[in-house]
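[1] no sequence for this one, just the structure:
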C-alpha cells in the first residue's frame with residue numbers, strides 16, 4: 001500500500017508563521033545587541049565619572065612628594081583610593097604619573113593583595129593621552145581583555161595647586177555585571193521567542209484553516225473560499241464546465257439531539273470523506289454551513305457522481321452501513337450556465353434542495369426550467385404577501401372536529417386560505433415559502449387574532465363556541481416572549497381561554513426543547529390547550545411525548561389510511577398507537593377520516609374524535625357559524 005506523503009496544505013499561513021518567527025528572532029537579536037551597546041556605554045560613563053570623583057579628592061602636590069610607600073602622603077592617597085575600591089564593581093583603582101623620561105610609573109594603587117611599587121613602570125596607553133596632555137577625563141575606546149579579565153579603563157587628571165597635571169587616576173571597571181545582565185536578557189529573549197513560537201504553532205493548528213478558507217472539522221473549503229474559487233473559475237471561463245451538487249443530511253437536528261453533537265460531527269466528517277471519495281482532480285468540495293456541502297463536479301461525470309450518492313443513500317438513519325453514506329441525505333443538482341456567479345449557483349442549488357426537502361418521493365432533484373419559473377413565482381408571492389396582509393386577502397376557514405359517539409361538533413381547527421382575485425392560492429405553495437422566509441410567524445398571529453375575534457363575536461350573538469385550535473410554526477420557539485404574546489392576543493379580545501388551543505407540528509422537529517417545554521407549561525397554567533399535530537410523521541414522536549405534556553394527540557392522515565391499506569398489520573398498528581396514547585392519558589383525534597368504515601374501526605379502538613371530509617371540509621366563517629347553530633350531524 002502506497003504511503004501518503006505529508007504535505008503542508010496551508011502553505012500561505014505556514015510561510016507567514018515562519019517569516020513571523022524569523023522576524024521575531026531578528027528583532028530579538030537587534031534588541032540584544034542594542035541593549036549591549038547601551039550597557040557598555042553606560043559602563044564607560046560610570047568609570048569616567050568615578051575616576052573624576054576620585055581625582056577631585058587627591059592633592060596633586062602630594063603626589064609629587066611620594067617616592068616610596070613610607071612617605072606620609074602615600075597612606076593619604078591610598079585611603080582615598082581604597083574608599084572607592086568596591087564602588088560600581090571597580091576592578092582596579094590606581095594613580096600614575098609621567099616621568100621626565102616620558103615613561104609611565106605607578107604612584108599608589110588600591111590593590112590590597114599585590115600593590116604596585118612606587119614608580120613601577122607601565123606601558124603607555126593611548127587612551128591616557130587626553131588626561132595627561134589636555135587635562136580631560138577620558139577612557140579607552142575598546143574593552144581590554146587580559147589575564148586580569150575584561151574591563152574598561154577610564155582616566156581623570158590630578159591637578160597641582162598651580163593647575164598643572166601631576167598625574168592621573170585610573171579606574172578599571174569590570175564588565176562582569178554587564179555580562180550577567182546580557183545573559184539574563186538573552187534568556188528572556190529566548191524564552192519570549194519560544195513562547196511566541198508555541199503561540200504561533202497553536203494558532204496555526206487551530207485557526208489557520210479558517211484563515212486559509214478551510215473548514216476545521218472536515219478539511220473542506222468553507223463557504224467564503226468556495227465563492228472565491230468559483231468566481232475565479234468564472235473569470236477564466238471555466239465555471240460552466242461544472243455541475244453543482246448541494247448536499248444536506250436529512251434530520252440532522254434530530255441526530256444531534258438524539259445522539260449528541262460528537263456523533264453529529266462524526267457524521268459530517270464521514271459524509272465529507274464519502275463525497276471526496278468520488279471526486280477527481282480539479283473538482284471542488286466545500287462545507288457551506290451546518291450540515292450543507294457543495295460539490296463542483298465536471299459535467300461529464302455529474303450523472304455518475306450523483307448515481308453513486310443515490311446508490312449509497314440509506315432510507316433511514318439506522319440503515320447506514322460501513323462504506324456507504326452515514327445518514328440519509330438530499331441533493332439539489334444544477335448544471336452551471338454562462339453568466340452564473342458562484343453566489344447565484346449556490347442560491348439556485350439551495351432552492352432545488354429545498355424542493356427535495358419538501359418532496360415526499362425524491363431526495364435528489366435536478367434543476368429545470370420549470371423550477372426557474374417557480375423561483376420567479378416565489379419572488380412574486382413574497383411581494384404579494386405583504387400587500388395581501390394589508391388587504392385582508394387571507395381568510396380563516398374552520399374544519400370541524402366531531403365526537404363520533406353522538407356525531408356532534410366538539411371543536412375545530414383554524415386553517416388559513418389566501419384568496420387571490422377569483423380563486424385561492426394553495427397553502428402548499430405559500431406556507432412552506434413563508435416558513436423558509438421567516439414570515440410565517442406574522443401570519444400565525446394574524447390567524448390567531450381572527451380566531452379570537454370570531455369567538456368573541458359568536459359569544460355576542462348568543463352562540464356557544466367550541467374549542468378552536470390554531471397552528472403555530474416552530475419558528476416561534478426562538479422568541480422568548482412567544483407564550484406572553486399568545487396570552488396577550490387572547491386577552492385583547494377578552495376570550496375565555498377554554499375556547500383556545502395551540503397546535504404544534506410534531507414532524508417539524510424542535511431544536512430548543514427547553515423552550516418548547518416551557519411554552520407548553522405556560523399554556524397549561526393559563527388554561528390554553530396544546531395539541532400535537534401530525535403525530536407519527538416525524539423522527540421523535542415517542543421521545544417528544546415523554547418531554548412535552550400536551551393535551552391532545554392528532555394522529556396523522558397517513559396513519560388513518562393504513563386502516564384499510566394494502567399493507568398487512570395496518571389496523572393493528574393504528575390500534576396500538578391509539579391504545580398507547582389513551583393509556584398515557586392523552587385525548588386522541590384522527591385526521592383525514594373520509595369513510596364510514598374508518599369511523600366504525602375508530603369507534604372500536606376507543607378513538608371518538610375525528611376530523612376529515614367524512615363530516616366536513618374546511619368551512620368559511622359564515623358556513624361554520626351555521627354549524628355552531630346546529631352542532632349535530634343528523635345525516636351521518
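    Received the coordinates, thanks. On a predicted model such as this, the values are computed, not experimentally measured, just so you know.
[2] Outline the domain layout of this structure.
    Described in terms of automatic domain parsing, the domain architecture of the chain consists of the residue ranges 16-179, 223-367, 385-629.
[3] now those domains in a markdown table, with mean neighbour count and mean pLDDT?
    In short, each C-beta sits where N, CA and C put it, glycine included. Compiled in a markdown table, these are given as follows (neighbours: other C-beta atoms under 10 Å; pLDDT from 0 to 100):
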| stretch | mean neighbour count | mean pLDDT |
| --- | --- | --- |
| domain 16-179 | 16 | 82 |
| domain 223-367 | 17 | 85 |
| domain 385-629 | 17 | 88 |
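[4] can you list these in TSV and add distance to residue 191?
    Below are the domains of the chain laid out as TSV (distance: least, C-beta to C-beta, whole Å):
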stretch	distance to residue 191
domain 16-179	10
domain 223-367	37
domain 385-629	47
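[5] Quick one, which of the ones you listed gets closest to residue 378.
    Each of those was scored for nearness to residue 378 using C-beta to C-beta, and the closest is domain 385-629 (5.9 Å).
[6] First-to-last residue distance for the closest one?
    Using C-alpha to C-alpha, to the nearest Å, one end of domain 385-629 lies 34 Å from the other.
[7] start to end distance for stretch 267-287?
    Terminal residues of stretch 267-287 lie 13 Å apart, using C-alpha to C-alpha.
[8] Can you tell me the closest non-neighbouring residue to residue 555?
    The shortest distance from residue 555 to any residue other than its chain neighbours is 4.6 Å, reached at residue 590 (C-beta to C-beta, 6 or more residues apart in numbering).
[9] Make sure that neighbour is indeed in a strand.
    Yes - secondary structure assignment (DSSP: H, G, I helix; E, B strand; the rest coil) places residue 590 inside a strand.
[10] give me the beta-bridge partners of it?
    When bridges are taken as DSSP bridges, the partners of residue 590 come out as residue 555, residue 610.
[11] For it, give its distance to residue 612.
    From residue 590 over to residue 612 the distance is 8 Å, taken as C-beta to C-beta, to the nearest Å.
[12] which residues are in contact with both of those two?
    residue 560 (C-beta atoms under 8 Å, 6 or more residues apart in numbering).
[13] Helices of the stretch 401-550 of the chain, start to end?
    Listed in chain order, the helices of the stretch 401-550 of the chain (DSSP state H, counting those that start in this stretch) span 427-437, 440-460, 482-492, 513-525, 541-547.
[14] And for residue 288, nearest residue in space, chain neighbours not counted?
    Residue 288's closest residue in space is residue 223 (C-beta to C-beta, 6+ apart), at 4.5 Å.
[15] any idea how far residue 332 is from the one you found?
    The gap separating residue 223 from residue 332 is 16 Å, by C-beta to C-beta.
[16] Then residue 390?
    Relative to residue 332, residue 390 is positioned 34 Å away (criterion: C-beta to C-beta).
[17] do residue 431 as well
    Applying C-beta to C-beta, one obtains 20 Å for the distance of residue 431 from residue 332.
[18] same deal with residue 603?
    Note on residue 603: its distance to residue 332, by C-beta to C-beta, is 46 Å.
[19] which residues touch residue 592?
    Taking C-beta under 8 Å, 6+ apart as the test, what residue 592 contacts is 556, 557, 558, 560, 561, 611, 612, 613.
[20] the longest strand in the chain is where?
    With secondary structure taken from DSSP state E, the chain has its longest strand at strand 408-420.
[21] ok and that strand relative to helix 440-460, angle-wise?
    Between the axes of strand 408-420 and helix 440-460, defined by axes from the mean of the first three to the mean of the last three C-alpha atoms, to 10 degrees, the angle is 130 degrees.
[22] all strands of the stretch 1-150 of the chain, in order?
    In order along the chain, the stretch 1-150 of the chain carries the following strands (DSSP state E, counting those that start in this stretch): 90-98, 104-109, 121-122, 138-139, 144-146, 149-159.
[23] now the first one, how far from the chain's geometric center?
    Going by C-alpha atoms, centre = their mean, to the nearest Å, the spacing between the C-alpha centre of strand 90-98 and its chain's C-alpha centre is 71 Å.
[24] Not counting its own residues, what contacts that strand?
    Residues outside strand 90-98 that contact it (C-beta under 8 Å, 6+ apart): 47, 50, 54, 58, 63, 77, 81, 84-85, 104-111, 116, 122, 128, 132, 148-149, 151, 158, 166-174.
[25] Now do the end-to-end distance for stretch 152-172.
    Calculated as C-alpha to C-alpha, the first-to-last residue distance of stretch 152-172 is 5 Å.
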